[in-house]
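Trainee: quick one, structure for this:
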Amino acid sequence: MHLPIDKKNKIYLYLVIFFLFTTISNLQVYNSNLFKFGSKDIKVSGLSEKNNLSIVQELKKIQVKNIFFIQKDILIKILSQNNLVNSFEIKKVFPNTIEIKIKKTQFLGIINIDGIFYFIGSNGKLINYDESTKNLPYVFGKINTFSFIEFINIIKQSTVNIKNIKEIYFFPSGRWDIKTKEDKLFKLPSKNILSALNIISKLNNSKEFKKASIVDLRFNKKIIFTNE
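Mentor: Residues are numbered from 1 along each chain as shown. So this is what the prediction gives:
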């Protein structure tokens with residue numbers, strides 16, 4: 001059965017009006033406060049108040065009206081640019097909030113590069129140095145930060161108290177030396193570093209050890225004490 005032309009026209013008119021009002025309604029909702037966000041809708045924790053605020057300001061630059069449309073890779077990029085960030089957790093909270101919980105990188109040592117001091121972070125990055133944290137070893141040599149982190153992890157597994165280490169030296173051969181706060185220098189082997197480190201605590205009662213300023217542990221089954 002065919003509809004009369006006038007009736008068809010009325011149906012088309014109703015459909016146009018329906019879609020028109022639907023579009024207006026959607027635009028009104030999209031532009032409403034329900035989907036707009038500002039600094040109060042972004043919560044960052046884990047760093048200092050100043051650094052948390054800095055990250056919030058960077059996130060506010062993203063031109064997105066619906067906070068739930070922000071792609072995670074954009075957030076990750078912004079957070080990864082901050083050298084103080086070791087890891088983070090991003091959580092979207094209804095109706096319109098993002099919570100970012102940051103785990104701050106741990107400072108492992110201090111290094112001087114071209115006359116400028118930096119902290120070496122557990123994330124493998126160099127962080128601008130300040131004098132707030134002084135109880136860290138100074139590191140000498142052209143290091144790979146991730147090799148340094150690996151060396152620090154070996155020390156933590158050993159019986160050596162890392163807080164008692166004053167200086168760490170790296171050599172192009174890949175070998176490390178450590179100097180304690182008692183100014184005793186330990187020359188470590190290229191291999192079996194953990195075993196060599198564990199020997200150090202066993203030497204405390206040795207007369208030769210007490211007199212020595214240099215303890216050479218590079219040779220298998222042989223320890224050389226030197227007083228220089």
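Trainee: next, residue 56: secondary structure please.
Mentor: helix (DSSP: H, G, I helix; E, B strand; the rest coil).
Trainee: count the residues that sit near it.
Mentor: Neighbourhood size, residue 56 [other C-beta atoms under 10 Å]: 18. All C-beta spots, glycine's among them, are computed from the backbone N, C-alpha and C.
Trainee: for it, give its distance to residue 77.
Mentor: Per C-beta to C-beta, to the nearest Å, residue 56 is found 16 Å from residue 77.
Trainee: check residue 125 too.
Mentor: According to C-beta to C-beta, residue 125 stands 15 Å off from residue 77.
Trainee: more crowded one of those two?
Mentor: Taking neighbours as other C-beta under 10 Å, residue 125 and residue 77 compare with residue 125 leading, 17 against 11.
Trainee: show me the contacts for the residue nearest in space to the middle of the chain.
Mentor: Closest to where the C-alpha atoms of the chain average out (C-alpha atoms, centre = their mean) is residue 86, at 1.9 Å. By C-beta atoms under 8 Å, 6 or more residues apart in numbering, the residues touching residue 86 are 102-106, 121-123.
Trainee: buried subset of those?
Mentor: 102, 104-105, 121-123 (16 or more other C-beta atoms under 10 Å).
Trainee: doesn't residue 199 make contact with residue 160?
Mentor: No - if you go by C-beta atoms under 8 Å, residue 160 and residue 199 don't touch, sitting 9.8 Å apart.
Trainee: between the two, which has more neighbouring residues?
Mentor: When residue 160 and residue 199 are compared for neighbours, residue 160 comes out ahead with 21 against 15, by other C-beta under 10 Å.
Trainee: list the contacts of the host helix or strand of residue 101.
Mentor: Per DSSP states H and E, residue 101 falls inside strand 97-104. With contacts defined as C-beta under 8 Å, 6+ apart, strand 97-104 is touched by 37, 41-47, 52, 55, 59, 67, 70, 75, 79, 84-93.
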